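Undergrad: what follows is a predicted protein model with its sequence.
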Amino acid sequence: MATLSAAVREPAPLLPGRLRNTRQFISEPIGFFTAATARRGDVFRFQLVNATLVGLTHPRHIKRVLQDRQANFVRDTQMYDIIEPFVGRGLATIADHDRWRRNRRIAQPAFDHKKLDTLAEIMASEVSALCDEWAGHARAGRQVDLVEQMSLLTLRIVVRSLFGLEPNGPEVAGFAHAAKQANAELGRFVRMPLVPLSVPTPSHRRFWRAIRDMDAIVYGVINRLRDTDSEGLLSMFMRAADPDTDERMTDRELRDEVVTMLFAGHETSSSALTSALLLLQAHPDVRERLRADVDATLGGRPATAADLPALPFGRQVLEEVLRLRPPAWMGQRSAVADDEIGGYLVPAGTTVMYSYYHAHRNPECWERPEDFNPNRFADKTVARDRNIYLPFGAGGHLCIGQAFAMMEMQLALAAITARFEVTIPDPDYTPMSALTLNAKYPVLATLTERAG
Ligand code: HEM
């Protein structure tokens, strides 16, 4: 193609060994990317049993794919086919550019800054409800599993603030259960997509049962909200008509948007909050500083959105968590036409897989990259520099929920810090990296209410 210079003829260095690569990639994709980068550099090709992919671990190359050359790198890879039965084709997965743009425009107002201020009240009240439940656990001396607790918190926030649903109702509990089950089975399949999902293995049967349960709930909500004048995101999607054809979204499209939003909007933030509590446990100096800030600003009362500008260190802690443990740790795109990355030829049809996890550890971009050091983000421009920092992606598909997520996470971290001493007796972190980065095992914590 015209933009390629004649010098760009070489493909990226190859990591041969389909079987060995596949085994390593399936069991530990992050470790596989680390080893591949060490051996072949930050642009490499790797063979798997069913494909040869290009791997990218430098932020500059990732930005090229997502932003500078975004029209040539589309969301049409096997990963999207694999997750389609679960999330369908919603905002985060739609490959068709026009349909994606229409839906993004419809959804955008639900995430506007003005709207977020009202949503902050819902977030704060859900955080406060969680802290009240935790006070009960603390008094009874019961441990909690932070993975489960953070997941429930962020799910409640998203269902209430985006869809106006009652967070303690049976729909939310039913959805959480089905989504967790579907996600677990899908995680198994993503790591080993050799037997098609249509083959009724016990795991695949569990997966389809969970999808049926989840769909029954979502379609039920769609029907219930159809004739109301609710202001939520689902109603915005229902009311929107295509400006050219006047067509409305089908029930299937609505279902896909709801499931996408619930999934993209809760697994990610909950993973980051769990990581934050684990990293604070391992870094008492950072925890002390955060606590001092929170105590001085809030003096024992619950945090609101208006307090957040006075709590910059809490934001910095979360930004550093998102650097070291980016919940959406990787992504994939497919090249439409021949392209060039880092001086190498990327032929049309190639699947490119990039890792934010590795990009965020690049020693050219970060001093002592493995250290947990929230002071890196004292300068606010660092978090906006997409040449080095990409936890929410880049380009047109930049996370629509970025401000939403930062707000809910800051509120949650401030409230938890203010009210509890969280002790994690076994803070070893084993990542489980399928679609999102999560702790592999429960993270059990003891809670003590702080005096005040
Ligand atoms: C810490 C929390 C979060 C992280 C790290 C995160 C990360 C990301 C990333 C990396 C992308 C880009 C995907 C791509 O390029 O294909 C993305 C897209 C998206 N995120 Fe988030 N996200 C978070 C929270 C949320 C929340 C709270 C919501 C909704 C309530 C949300 C909804 C979405 C949606 C709908 C997209 C697709 C956007 C589009 O393609 O137009 N995310 N997110």
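TA: Thanks, I have the structure now. Just so we're clear, the structure is a prediction, and the values are computed from it rather than from any experiment.
Undergrad: ok, now which ones touch the closest residue to the ligand within the stretch 151-300 of the chain?
TA: Scanning the stretch 151-300 of the chain for proximity to the ligand using C-beta to the nearest ligand atom identifies G265 as nearest, at 2.8 Å. Backbone N, C-alpha and C define where each C-beta goes, glycine included. Neighbouring residues of G265 by C-beta atoms under 8 Å, 6 or more residues apart in numbering: 154, 158, 162, 401, 404-405.
Undergrad: ok, and the most crowded of these?
TA: Of all the contacts of G265, the highest neighbour tally under other C-beta atoms under 10 Å goes to V158, namely 29 neighbours.
Undergrad: against Q402, how distant is the closest residue to that residue other than its chain neighbours?
TA: Across the structure, with C-beta to C-beta, 6 or more residues apart in numbering as the measure, the residue nearest V158 apart from its sequence neighbours is G265 (4.2 Å). G265 is 11 Å from Q402, where distance means C-beta to C-beta, to the nearest Å.
Undergrad: hang on, the earlier thing: looking at this, the residue of the stretch 151-300 of the chain closest to the ligand is in a helix?
TA: Yes - remark: G265 belongs to a helix, assigned using DSSP: H, G, I helix; E, B strand; the rest coil.
Undergrad: returning to what we had before: pick out the lowest-pLDDT one from the contacts of G265.
TA: Looking at these by pLDDT, the weakest one is L162, with 84.
Undergrad: does anything pack onto the helix or strand harbouring that residue? Which helices or strands?
TA: Taking DSSP states H and E as the definition, L162 sits inside helix 146-163. Packed against helix 146-163, as judged by 3 or more C-beta pairs under 8 Å, 6 or more residues apart in numbering; DSSP states H and E, are the following elements: helix 113-140, helix 170-191, helix 233-239, helix 251-282, helix 402-419.
Undergrad: R301 is nearest to which of the ones you listed?
TA: Among the helices and strands packed on helix 146-163, helix 402-419 comes nearest to R301, with 8.5 Å by C-beta to C-beta.
Undergrad: ok, the nearest residue to R104 once chain neighbours are set aside to the ligand distance?
TA: Of all residues not flanking R104 in the chain, L91 sits nearest, at 6.2 Å (C-beta to C-beta, 6+ apart). To the ligand, L91 is 4 Å away according to C-beta to the nearest ligand atom, to the nearest Å.
Undergrad: surely L91 is within a helix?
TA: No - using three-state DSSP, the secondary structure at L91 is coil, not a helix.
Undergrad: what sits against it?
TA: Counting by C-beta under 8 Å, 6+ apart, L91 touches 100, 103-104, 107, 257, 260-261, 264, 400.
Undergrad: now render those residues as TSV, adding pLDDT, neighbour count and distance to E288.
TA: Conversion of those to TSV gives the following (pLDDT from 0 to 100; neighbours: other C-beta atoms under 10 Å; distance: C-beta to C-beta, whole Å):
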residue	pLDDT	neighbour count	distance to E288
W100	92	20	45
N103	89	21	45
R104	91	14	42
A107	89	21	40
E257	91	26	43
T260	91	22	39
M261	90	25	37
A264	89	22	34
I400	94	19	35
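Undergrad: need the pLDDT of the residue of the stretch 151-300 of the chain closest to the ligand.
TA: At G265, pLDDT is 89.
Undergrad: give me the angle between the helix holding L162 and helix 402-419.
TA: 130 degrees (axes from the mean of the first three to the mean of the last three C-alpha atoms, to 10 degrees).
Undergrad: got the buried residues for helix 146-163?
TA: The neighbour-count criterion (16 or more other C-beta atoms under 10 Å) identifies 146-147, 149-163 as the buried residues of helix 146-163.
Undergrad: residue of the chain nearest the ligand, please.
TA: When C-beta to the nearest ligand atom is the measure, the chain has its nearest residue to the ligand at G401, with 2.3 Å between them.
Undergrad: nearest residue to that residue other than its sequence neighbours?
TA: G401 sits nearest to G265 (C-beta to C-beta, 6+ apart), 5.4 Å away.
Undergrad: so where's this structure shaky on pLDDT?
TA: Judged against pLDDT under 70, the low-scoring parts of the chain cover residues 1-3, 5-7, 191-192, 452.
Undergrad: flag every residue of it that's near the ligand.
TA: Contact residues (C-beta under 6 Å from any ligand atom) of the chain with the ligand: 66, 91-92, 104, 158, 260-261, 264-265, 268-269, 272, 322, 327-328, 331, 391-393, 397, 399-401, 404-405.
Undergrad: and the helices in the stretch 1-150 of the chain, which stretches?
TA: For the stretch 1-150 of the chain, the helices defined by DSSP state H, counting those that start in this stretch occupy 18-27, 29-40, 59-63, 78-87, 97-107, 113-140, 146-163.
Undergrad: okay if I get those as a markdown table plus distance to P374?
TA: Below are these laid out as a markdown table (distance: least, C-beta to C-beta, whole Å):
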| stretch | distance to P374 |
| --- | --- |
| helix 18-27 | 32 |
| helix 29-40 | 22 |
| helix 59-63 | 19 |
| helix 78-87 | 32 |
| helix 97-107 | 31 |
| helix 113-140 | 21 |
| helix 146-163 | 19 |
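Undergrad: closest one to P284 among the ones you listed?
TA: Across the helices of the stretch 1-150 of the chain, P284 has its closest neighbour in helix 146-163 (17.5 Å, C-beta to C-beta).
Undergrad: for that closest one, output the C-alpha coordinates as PDB.
TA: Listed next in PDB are the C-alpha coordinates belonging to helix 146-163 (Å, rounded to 0.1, in the frame of the first residue of the first chain):
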ATOM      1  CA  LEU A 146     -12.100  -9.100  48.100                       C
ATOM      2  CA  VAL A 147     -12.400 -10.400  44.600                       C
ATOM      3  CA  GLU A 148     -16.000 -11.300  45.200                       C
ATOM      4  CA  GLN A 149     -16.800  -8.100  47.200                       C
ATOM      5  CA  MET A 150     -15.300  -5.700  44.600                       C
ATOM      6  CA  SER A 151     -17.100  -7.500  41.800                       C
ATOM      7  CA  LEU A 152     -20.400  -7.200  43.600                       C
ATOM      8  CA  LEU A 153     -19.900  -3.600  44.400                       C
ATOM      9  CA  THR A 154     -19.000  -2.600  40.800                       C
ATOM     10  CA  LEU A 155     -21.800  -4.600  39.400                       C
ATOM     11  CA  ARG A 156     -24.300  -3.000  41.700                       C
ATOM     12  CA  ILE A 157     -23.000   0.400  40.700                       C
ATOM     13  CA  VAL A 158     -23.200  -0.200  37.000                       C
ATOM     14  CA  VAL A 159     -26.800  -1.800  37.100                       C
ATOM     15  CA  ARG A 160     -28.100   1.000  39.200                       C
ATOM     16  CA  SER A 161     -26.400   4.000  37.600                       C
ATOM     17  CA  LEU A 162     -26.700   2.900  34.000                       C
ATOM     18  CA  PHE A 163     -29.900   0.900  34.000                       C
END
